[in-house]
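Enquirer: Sequence and computational prediction follow.
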Amino acid sequence: MELGEVTTVDWGGASRRAFAITHAGDLPHERPPERGTLEALIANAKENGLPEFYRQFLDGIRDEPQDDNFRSGLLVVGHRESSGPPGIGVARLSRADAAKRELRSFAAVVYRERACLVRVEELPEAEEGHCQLNQTVRHVLGIPGRLCYGATVELFPVRRRQRPFPFVEPRPLCLPLFRPSYLDAENNSCVLDSRNIALLGIEAGQYVRLRVVRPDSENRYEVHNCSLRVFPGSSSEVWRGPDRITYPREHEIYVDAYGRRELGIHRHSEGMPVTVTADVGQLFLGRLVFYAGTLLLSLVALAPLRSVVGIVPSISLGLVVTVLVTLFDLRSRVQY
């Protein structure tokens, strides 16, 4: 071991000395620190007022496997620039890393037994061994802060992705799952903050579709989904541990025992990442009377054309008009 150059930095209005310890040779892989060394690092980080997110990262090292699998996987870095619609979980990595893991359009990104469904983007310029995750995914996985401080994740291909409604891709939200208030525990529903309900383009009492990725008996990840009515909750506060917190929180979703069973989640699990979207199929059925009225009006308006082009073409034109109105209506409600 070699002690690097000592430098003086200004932190929080006070001068601190900083230095680096380097190893003279190349190590085959990272090794877990000795327990005493780790505890000293955590104590000194707290004593010297280092960022809370960095202290959380040090605390998390306690839970890492203390063997050759220590901090294995891809090193997490933040997105350098935002691309695509907001709310979608995105993982960017090199083509070599994607090919090695047989990834396609979607994957499960796993961090400490939490798995989140993400869209995969292969970047030719991405550095091998690194994975860019946007803030939405890092938050729901429990990787806090704008900086990642050396967190590592693994990506797996997924099966049975739900087919979307044709030509309509609703805005998703990635949120951690928690148990609802006892007043909302047996309603076969889920609870969201009213602002998130509006953000999804729906109203209280309408349906949302929940998706989670879970490993099967062969440790292959599958997408499980269910459709539930959504409400803003029946309480303003709930107990969580010894504290009483605001309910519902904007950055959480609350699912009762029925929804957990449908998603294949243990009834006592908390913090599981869930992708939430408006259920476009149910929204379509709920507005079916409106679309039927549109079809009837279009057929009446196009009735004079029957004598010119015939019955079949005029009916076909009415159907085309109704389909276009339906798509524009749904997209305007639930898309970006």
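Expert: Arrived safely, thanks for sending.

Enquirer: buried set for the longest strand along the chain?
Expert: The strand of greatest length in the chain, counted in residues with DSSP state E as the criterion, is given as strand 221-231. For strand 221-231, the buried set under the neighbour-count rule, 16 or more other CB atoms under 10 Å, comprises 221, 223, 225-226, 228, 230-231. The C-beta positions use only the backbone N, C-alpha and C, and glycine is treated the same way.

Enquirer: what do you get for stretch 42-56?
Expert: By neighbour count, and taking 16+ other CB under 10 Å as the criterion, the buried residues in stretch 42-56 are 42, 45, 50, 55.

Enquirer: Take those residues and keep only those in helices.
Expert: Cross-referencing the buried residues of stretch 42-56 against helices under DSSP state H gives 42, 45, 55.

Enquirer: Could you export those residues as JSON lines, including distance to residue 159?
Expert: What follows is those, written out as JSON lines (distance: CB to CB, whole Å):
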{"residue": "42", "distance to residue 159": "40"}
{"residue": "45", "distance to residue 159": "42"}
{"residue": "55", "distance to residue 159": "38"}
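
Enquirer: Residue 281: which of those is nearest?
Expert: Set against residue 281, the nearest of these by CB to CB is residue 55 (45.4 Å).

Enquirer: pLDDT wise, what is the closest one at?
Expert: According to the predicted model, the pLDDT of residue 55 comes to 79.

Enquirer: separation between it and residue 200?
Expert: Residue 55 sits 35 Å away from residue 200, going by CB to CB, to the nearest Å.

Enquirer: Residue 117 pairs with what?
Expert: For residue 117, the beta-bridge assignment (DSSP bridges) gives partners residue 108.

Enquirer: quick one: it and residue 89 touch, right?
Expert: Yes. The pair residue 117 / residue 89 is scored as a contact, 6.5 Å apart, by CB atoms under 8 Å.

Enquirer: Against which helices or strands is the helix or strand harbouring residue 281 packed?
Expert: Taking DSSP states H and E as the criterion, the element that holds residue 281 is helix 280-286. Of the remaining helices and strands, those touching helix 280-286 by 3 or more CB pairs under 8 Å, 6 or more residues apart in numbering; DSSP states H and E are helix 311-334.

Enquirer: what's the offset of stretch 276-284 from the middle of its chain?
Expert: Taking CA atoms, centre = their mean, to the nearest Å, the mean C-alpha location of stretch 276-284 is offset from the chain mean by 18 Å.
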